[in-house]
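S.K.: Generate a structure from the sequence data that follows.
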Amino acid sequence: MTEPGADQAGDESAGAVERARLAFDPIEAAAAQWDRRWPEVHRMRAVTSLMRVHQLVLTELDELLRPLGLTFARYEVLVLLSFSRRGALPLGKIGERLQVHATSVTPLVKRLEAAGLIERNPHPEDGRAVLASITPRGRAVTEQATAVITGARFGIGALDDEACDELTRLLTSPRAAAGDF
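M.R.: Predicted coordinates:
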């Protein structure tokens, strides 16, 4: 998130939620309390920080995408479809590639279909499967949304390229250990 009133080229964060700043870091305050009672304060602080940044980034990106009728989750589906060779994937494959449960994919796809950004059709080779296909309008909205997201530096503009690479490196081990890939 950006600071209220911060000078921004093109005001990429216009529409971002403004909130009152606390006079202290609540995660550090919680860590001090935690450390008096329980072990693993370093991991508690790291996970709490990670989860808070996730909330902040997702809130900002959802706010920025709202004028396009998207959430970040719906945007991810459009991007995935735009990356596919035919612009279409079975719903099960969408869930697998986005690493979400199939029951999470259906409402996303229904919303995108209602907005005319994708179409759902029976799979031509597998009668049990449904294909989601991105429409020309969906491709256009994906391009607009991508310009918004990249203009906002994915909500983590406070990090330079080296810090982004380091963050990715740091998060790869726990992802691999959890069986993410």
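
S.K.: State the helix or strand in which the residue of the chain most remote from its centre lies.
M.R.: Within the chain, residue 36 marks the point farthest from the mean C-alpha position, 34.8 Å out by Cα atoms, centre = their mean. Assigned by DSSP states H and E, residue 36 belongs to helix 26-37.

S.K.: Now that helix: buried residues?
M.R.: By 16 or more other Cβ atoms under 10 Å, the buried positions in helix 26-37 come out as 27, 31, 34. Any C-beta I mention is one placed from the backbone N, CA and C, and that applies to glycine too.

S.K.: how far is it from where the chain is centred?
M.R.: Put simply, helix 26-37 sits 28 Å off its chain's centre (Cα atoms, centre = their mean, to the nearest Å).

S.K.: what helices or strands is it leaning on?
M.R.: With contacts taken as 3 or more Cβ pairs under 8 Å, 6 or more residues apart in numbering; DSSP states H and E, helix 26-37 sits against helix 41-65.

S.K.: Do you have the strands of this protein handy? List them.
M.R.: 88-90, 118-122, 130-134 (DSSP state E).

S.K.: what about these, which gets the closest to residue 19?
M.R.: strand 118-122 (33.9 Å; Cβ to Cβ).

S.K.: between the closest one and strand 130-134, how many degrees?
M.R.: Comparing the axes of strand 118-122 and strand 130-134 via axes from the mean of the first three to the mean of the last three Cα atoms, to 10 degrees yields an angle of 150 degrees.

S.K.: List the neighbouring strands of strand 118-122 plus their orientation.
M.R.: Neighbouring strands of strand 118-122 in its sheet, by DSSP bridges, are strand 130-134 (antiparallel).

S.K.: buried set for the strand it pairs with?
M.R.: 131, 132, 133, 134.

S.K.: contacts for that strand?
M.R.: 77-78, 81-82, 86-91, 94, 109, 112-113, 117-124, 142 (Cβ atoms under 8 Å, 6 or more residues apart in numbering).

S.K.: Spit out the contact partners of residue 38.
M.R.: Counting by Cβ under 8 Å, 6+ apart, residue 38 touches residue 44.

S.K.: Distance of residue 160 relative to residue 166?
M.R.: 10 Å (Cβ to Cβ, to the nearest Å).
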